[in-house]
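In: Fold the following and give me the result.
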Amino acid sequence: MKLISTLNFKGGVGKTTVTWLLARYLVERKGKTVLVVDADPQMSLTTAVQLLEAGFWDVRFENWYKVAKAKGATLYGLLEQYNQSGNISTNVSPFYVHRPNLFLLPSDEEVYWYDLEAPKGKNLVGFAASLLSWIDNSGGIRDDTGTLRQVDYCLADCPPAFNSLSFSIVAHSNLVLIPVNPDVFASRGVIIMLNGLLKRMKPLPHFLVFMNRAKSRVNKMTGQPTLTNESRNFLNEVRIQAVHPQIGAGVPVALLEDVYIPERKGIKDALAARQRIPPDLETYFAALWDNIEDRYFIRKATAPTPPPTTTASSVSGAQIQTADALKDAYKELQKQFQETRSKAVDDFVEGHPSGWLDEFIKANTLPIPTKASKQEVKDALLSILAQGKAIGGDR
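Out: Now for the predicted structure:
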């Protein structure tokens, strides 16, 4: 079972929505079995699950929850059990069956006070690992028919107020999703969070930053949706001020520049509804999941093609190219960057030998050191292009 947590120290960024709708996408379109853990004492996800689309409370959930609480089969009950024995094992299932292959471990208002009951909070580091091991060793989770369902993914919604439970979940995550909104607080929140975790958590999990509630428009040339200039500018700030410095500090963090979840009026209805995710929203969650799967959970059978190596002939070939041709190459890169962003830079750098890139940098008077690594060239080009700087004498 893979653990994916959603985290941001800034509240109101849409963590709960992303967590639940991504879980539903995995169930409805990918045929996966998913457990969702509401680790936030505010119980936003738990409330959304029990609230039907028509605005009525789900009696089925309410009845189940009353029985579960009476038997201590809650998130708080599991925390208490782990604190006392160092492991988890119970005959009463704490998991609500939303549908045969989608389960929920609801939150509990008592979790609010758990950290205050010292020294309990300090004993939770291994809680998340113990929970997942218990599920795996049990063969999965039973649905309403008593059938054991082996869980493929566990998605955890963490609270903005970081606590010992969040620490345990994040520390044992295969991936941590960080949704940010297009506002002035986006980069600051990511910086504070990653700086703090870098000092306190070793080893660090992988982090993936992406924009949620993004403002989008239709690209007139391609007819496809794309970020507005305002949202793009906020995303560039996150990349330049938060993500790239953290990469330099050794944090395994990446940023999705062309994959985002748009702002939609009906997204809250989709959160509570039992129908399938609306097609216009599903497309975006499909793109998000494809990137997650390709980056973190798929090991390709064949090794990737190595980048071209620099040879004497390739350097010589670059040297005899005219400065105008190298400047035209930069202009073409600028055009491609407007359409495919970071992919354009990756393809461009990997498609040319290092010697050619040195000549390209000189001809366009780019502020990039000669003999820079390809990764350094990529990072510098991303920064230059994102700022829209006109480099070279005739641009």
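In: contacts and neighbour counts: CA atoms only from here.
Out: OK.
In: How is the chain partitioned into domains?
Out: 2-297, 312-386 (automatic domain parsing).
In: Out of the ones you listed, which gets the lowest mean score?
Out: Comparing mean pLDDT across those, the lowest value falls on domain 312-386: a mean of 76.
In: pretty sure residue 256 is in a strand, no?
Out: Yes. Using DSSP: H, G, I helix; E, B strand; the rest coil, the assignment for residue 256 is a strand.
In: so the residue nearest to it when sequence neighbours are not counted bridges to which residues?
Out: Distance criterion CA to CA, 6 or more residues apart in numbering; nearest residue to residue 256, sequence neighbours excluded, is residue 210 at 5.1 Å. On the basis of DSSP bridges, residue 210 is bridged to residue 179.
In: What is the burial count for residue 210?
Out: Counted with other CA atoms under 10 Å, residues neighbouring residue 210 total 21.
In: Need the residue closest to the centroid of the protein.
Out: residue 177 (2.7 Å; CA atoms, centre = their mean).
In: Sticking with it, tell me its helix or strand.
Out: Using DSSP states H and E, residue 177 maps to strand 175-180.
In: Convert that strand to CSV, retaining C-alpha atoms only.
Out: Extracted in CSV, the C-alpha atoms of strand 175-180 (Å, rounded to 0.1, in the frame of the first residue of the first chain):
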residue,chain,number,x,y,z
LEU,A,175,4.6,11.2,-1.5
VAL,A,176,3.3,14.5,0.0
LEU,A,177,1.1,16.7,-2.1
ILE,A,178,1.3,20.4,-1.5
PRO,A,179,-1.6,22.3,-3.1
VAL,A,180,-1.1,26.1,-3.4
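In: Against which helices or strands is that strand packed?
Out: Judged by 3 or more CA pairs under 8 Å, 6 or more residues apart in numbering; DSSP states H and E, strand 175-180 is in contact with strand 2-6, strand 206-214.
In: on that earlier part again, if I follow the layout properly, the residue nearest to residue 256 ends up in contact with residue 253?
Out: No. Here residue 210 does not reach residue 253: they are 10.9 Å apart, not a contact under CA atoms under 8 Å.
In: Pull out the buried positions in stretch 58-65.
Out: The neighbour-count check on stretch 58-65 (16 or more other CA atoms under 10 Å) flags 61, 65 as buried.
In: next one: that stretch to chain centre, how far?
Out: Its chain's average C-alpha position is 31 Å from that of stretch 58-65, according to CA atoms, centre = their mean, to the nearest Å.
In: Over to stretch 11-23?
Out: With CA atoms, centre = their mean as the basis, stretch 11-23 stands 11 Å off its chain's centre.
In: returning to that earlier point: so which of the helices and strands packed on strand 175-180 gets nearest residue 107?
Out: Closest to residue 107 of the helices and strands packed on strand 175-180 is strand 2-6 (CA to CA; 14.8 Å).
In: how big is the angle separating that closest one from strand 206-214?
Out: Strand 2-6 and strand 206-214 are oriented at 50 degrees to each other (axes from the mean of the first three to the mean of the last three CA atoms, to 10 degrees).
In: which is the next helix or strand following strand 2-6?
Out: Downstream of strand 2-6, the first helix or strand assigned by DSSP H and E is helix 15-30.
In: Please consider this matter closed, and thank you.
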